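S.K.: need a structure here:
(one chain, ligands or ions: 1)
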Amino acid sequence: MPLVSMFELLQRAKRERFAVGQFNMNNLEFTKAIMEAAEMERAPFIFGVSEGAMKYMGERYVVALARAAAEESPIPVVLHLDHGSSFESVMRAIRAGFTSVMFDGSHLPFAENVRITREIVRVAHAMGVSVEGELGTIGGVEDDLSVEEEDAHIAKPEEAIRFYEETGVDALAIAVGTAHGMYKGRPHIRFEIIDEVARAIPVPIVLHGGSGVPDEDIRRAIALGVGKINVNTENQVAMTQTIKRVFEGKPDVYDPRKYLGPAKDAMRDVVRGKMRLFGSSGKA
Ligand SMILES: [Zn+2]
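M.R.: Presented below is the predicted three-dimensional model:
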């Protein structure tokens with residue numbers, strides 16, 4: 001089917017208490033690994049593409065890959081801009097064919113974040129494109145964006161609720177203690193904030209930095225109202241470790257298919273595990 005937006009998927013996720021996985025797409029093997037997992041699990045999902053990945057692959061390649069994957073399949077697939085940094089960047093993605101966008105104005109003063117996010121919601125909704133907003137700073141490293149984990153400030157529930165009311169976003173990412181990249185210890189997730197905000201707004205909360213969060217914490221977050229979870233690092237690790245293993249056994253390999261193929265399969269298994277954990281298996 002054609003690419004879809006997050007509207008119906010996320011409404012249903014919140015209602016039925018499961019989470020839709022956002023898996024970042026970085027090349028052909030990522031695209032295929034995620035798509036194969038989704039077909040095996042009959043799970044709807046979101047292809048996340050960061051601005052860095054867009055630069056790496058090229059906008060037209062990104063859209064063409066996502067469309068090819070979706071059109072071949074009965075599974076609902078969303079193509080979502082991850083951490084869009086400006087109004088212009090978001091508009092460009094919509095024009096290119098993205099069916100969903102995130103605007104990350106979390107580094108801006110509250111009023112400025114609201115103002116730009118609201119404008120993006122107005123334009124995006126007119127075009128049938130869903131919007132994710134962000135409040136509070138999520139720690140860790142994503143592309144060239146680096147925020148010290150200690151500086152990552154946790155979202156205040158009353159601000160998050162006001163942000164939703166003033167912008168009308170379809171999904172809200174709030175900083176609740178998770179971080180991008182690998183964790184040094186166990187993340188301390190502020191479940192009470194998820195609970196308070198999720199009760200007050202009709203759209204799901206998005207958990208960024210889903211890689212490496214213990215399964216029980218993921219289940220608890222979903223039960224409280226998290227409806228979208230972003231995973232990238234664990235997929236990157238699965239792919240890279242498999243490639244290393246191939247070369248350890250056969251240092252003379254030169255055909256990229258001989259190491260990218262097994263790497264894709266390893267990543268597919270990680271994605272399948274996440275889809276089951278998130279409760280999205282069988283929801284397509
Ligand atoms: Zn993120």
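
S.K.: What pLDDT is listed against the residue nearest to Ile194 when sequence neighbours are not counted?
M.R.: Among residues not flanking Ile194 along the chain, Leu224 sits closest, at 4.7 Å (C-beta to C-beta, 6 or more residues apart in numbering). No exception for glycine: its C-beta is placed from N, CA and C like everyone else's. Leu224 is assigned 97 on the pLDDT scale.

S.K.: secondary structure class for the residue lying closest to Val101 once chain neighbours are set aside?
M.R.: Distance criterion C-beta to C-beta, 6+ apart; nearest residue to Val101, sequence neighbours excluded, is Leu81 at 4.3 Å. Using DSSP: H, G, I helix; E, B strand; the rest coil, the structure places Leu81 in strand.

S.K.: what's the spacing between the residue of the chain positioned farthest from its centre and Ile243?
M.R.: No residue in the chain sits farther from the centre than Asp252, which is 36.4 Å out by C-alpha atoms, centre = their mean. According to C-beta to C-beta, to the nearest Å, Asp252 and Ile243 sit 14 Å apart.

S.K.: With adjacent residues omitted, what lies nearest to Ala53?
M.R.: Counting by C-beta to C-beta, 6+ apart, the residue nearest Ala53 is Asn26, at 5.1 Å.

S.K.: what helix or strand does that neighbour sit in?
M.R.: Per DSSP states H and E: Asn26 is located in neither a helix nor a strand.

S.K.: Now do the same for it: its pLDDT.
M.R.: 96.

S.K.: just Gly139 next, same as before
M.R.: The model reports Gly139 with a pLDDT of 67.

S.K.: likewise the one 10 residues further on?
M.R.: The model reports Glu149 with a pLDDT of 54.

S.K.: Tell me who's in contact with the closest residue to Asp215 other than its chain neighbours.
M.R.: Nearest residue to Asp215 in three dimensions, chain neighbours excluded: Leu277, at 5.7 Å (C-beta to C-beta, 6+ apart). Listed by C-beta atoms under 8 Å, 6 or more residues apart in numbering, the contact set of Leu277 reads Asp215, Ile218, Arg219.

S.K.: which of those residues lies closest to Phe47?
M.R.: Nearest to Phe47 among the contacts of Leu277, counting by C-beta to C-beta, is Ile218 at 20.2 Å.

S.K.: Confirm that that closest one sits in a helix.
M.R.: Yes: assessed by three-state DSSP, Ile218 belongs to a helix.

S.K.: Run through the residues that contact it.
M.R.: By C-beta under 8 Å, 6+ apart, the contact list for Ile218 reads Ala19, Leu207, Gly210, Ile229, Leu277, Phe278.

S.K.: Can you verify Leu172 is assigned to a strand?
M.R.: Yes: assignment of Leu172 by three-state DSSP places it within a strand.

S.K.: And the pLDDT for the residue nearest to Val101?
M.R.: The model's pLDDT for Leu81 equals 98.

S.K.: which residues of the stretch 1-150 of the chain fall in strands?
M.R.: Here the stretch 1-150 of the chain has its strands, by DSSP state E, counting those that start in this stretch, at 20-24, 45-50, 77-84, 100-103, 130-135, 139-142, 145-147.

S.K.: er, the stretch 151-284 of the chain I mean
M.R.: For the stretch 151-284 of the chain, the strands defined by DSSP E, counting those that start in this stretch occupy 171-174, 179-180, 205-207, 226-231.

S.K.: Ok, which of these comes nearest Pro187?
M.R.: The closest of the strands of the stretch 151-284 of the chain to Pro187 is strand 179-180. By C-beta to C-beta, the value is 6.6 Å.

S.K.: Where does the prediction get shaky in this structure?
M.R.: The model of the chain has pLDDT under 70 over residues 139-152.

S.K.: which helix in it runs the most residues?
M.R.: helix 256-278 (DSSP state H).

S.K.: List the buried residues of it.
M.R.: Buried residues in helix 256-278, defined by neighbour count with 16 or more other C-beta atoms under 10 Å: 259-260, 263-268, 270-275, 277-278.

S.K.: swap in stretch 117-125?
M.R.: Quick answer for stretch 117-125 (16+ other C-beta under 10 Å): Thr117, Arg118, Ile120, Val121, Ala124.
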